[in-house]
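Enquirer: all I have is the shape, not the residue letters:
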């Protein structure tokens, strides 16, 4: 059967409880828990470092992949001609008396096919 | 076999001191390309000069003075890089070869002591390496390491052209792969892009022996073996061909250093530069005797550049 406490007792208990909580908070965890927490914090720091390293590696690899597939800076994305994928290696060429840029070739599949068939150095097989 | 007096290192040192100008000349001027291009002696680091490109000058008349931009100044850098040669040999091991060499008919052995024989062998091999490096060199992106070859200490002409194409300083003509069947048409296509002044005054067409031989074969076929006159390139045993189009002053130059490259470069030879040490520094071919071995070492600097690699003056194709 539940014991019905009078309000004064409840208030006293609440106050005692609050005091105990404050004391626990101030005292911090017990030595065993503190040691476990320290280990966990160290692991967390190490994991953060690993994540930073991995992010750096991913950035480097992405840059490498981009360079390998796109060629020198500011080149259009690789283009598929027939069944072969080509990347752009030269930003502009002279073809049939006209200067054409890699972007012109990227935008014109027939021209790309023509240059690929010629074996132009502008398009390099990926 | 008994040791002979001419294997003593003192003999080598004396010989080198006596003929050091000859060694220097043979080393830096002795390879084929060096015989054709502009050479700069005494470049110890960077030599920078300014290329002035004049823009449009003549305009419609108005009384005010408004020149606008009439020229563009572009710095050109010739950078030489340190290299070394280290070699050891046992002179007795090669004495029989040397004696065989001396017995050739009409040969004056007084002019060819063993010292000269061995040094010239080294210089011949170095000349081959120089010839390849000045054309095919590609500078290593990361720091150089012990044992790295000379051809990754600086960019050669082919890499300089490739960089100029990437930087859009020069726009390559699409030739595709060059074959015996299409070489005449492809050269004609490229030649059409040259400025009329160069067509009149002449230029040089630099090609690998692969492309050169295709051209010779194609011309022989077309003109029944009576194609084009050969042109001596500095010596009787190095010959190019006169290119028929234009004012008749254009030469097709085959270059061993280009390897099997399909690149064709139309640009006057004066615009190709090589920089190297000066003769004043030429105390750096050293010898030392260590028991039976003779040790050689030499430190030198070399680098190349190309000037006026611009549309209208230079015409290149799209093959690597």
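Expert: Great, that's in hand. Remember, it's a predicted structure, so these values are computed and weren't measured experimentally.
Enquirer: which residues of the chain fall in helices?
Expert: If you meant another chain, say so; for now it's chain A. Counting by DSSP state H, one finds helices in chain A at the ranges A:7-27, A:31-70, A:102-106, A:109-118.
Enquirer: wrong one, I was asking about chain B
Expert: B:9-29, B:95-102, B:114-136, B:157-166, B:183-191, B:196-201, B:209-222.
Enquirer: would you single out the least confident of the ones you listed?
Expert: Among the helices of chain B, helix B:9-29 carries the lowest mean pLDDT, at a mean of 76.
Enquirer: could you give the angle of it to helix B:114-136?
Expert: Put simply, helix B:9-29 runs at 30 degrees to helix B:114-136, going by axes from the mean of the first three to the mean of the last three CA atoms, to 10 degrees.
Enquirer: quick check: buried residues in helix B:9-29?
Expert: Neighbour-count burial for helix B:9-29, counted by 16 or more other CB atoms under 10 Å in any protein chain shown, picks out B:9, B:11, B:12, B:13, B:15, B:16, B:23, B:24, B:26, B:27, B:28. The way it works is simple: take the backbone N, C-alpha and C, and place the C-beta from them, glycine included.
Enquirer: show me what contacts the fourth one?
Expert: In this case it means residue B:13. For residue B:13, the contact set (CB atoms under 8 Å, 6 or more residues apart in numbering or on different chains) comprises residue B:287.
Enquirer: smallest gap between the stretch 151-300 of chain B and chain A, at which residue?
Expert: In the stretch 151-300 of chain B, the residue that lies nearest chain A is residue B:176 (3.3 Å; CB to the nearest CB).
Enquirer: my read: that residue touches residue A:123, true?
Expert: No. Using CB atoms under 8 Å, residue B:176 makes no contact with residue A:123, being 10.4 Å away.
Enquirer: chain A against chain B: which residues are in contact?
Expert: A:72, A:90-95, A:97, A:99, A:115, A:118-122 (CB under 8 Å from any CB of the partner chain).
Enquirer: of those residues, buried ones?
Expert: Of these, these count as buried by 16+ other CB under 10 Å: A:72, A:90-95, A:115, A:118-122.
Enquirer: got any residues that touch both of residue B:176 and residue A:123?
Expert: residue A:115.
Enquirer: have a look at the two and say which one is more surrounded.
Expert: Neighbours per residue (other CB atoms under 10 Å in any protein chain shown) separate residue B:176 from residue A:123, with residue A:123 holding more: 26 against 20.
Enquirer: tally of neighbours for whichever residue of the stretch 1-150 of chain B sits closest to chain A?
Expert: The nearest approach of the stretch 1-150 of chain B to chain A comes at residue B:141, 11.9 Å away (CB to the nearest CB). Neighbour count of residue B:141, defined by other CB under 10 Å: 6.
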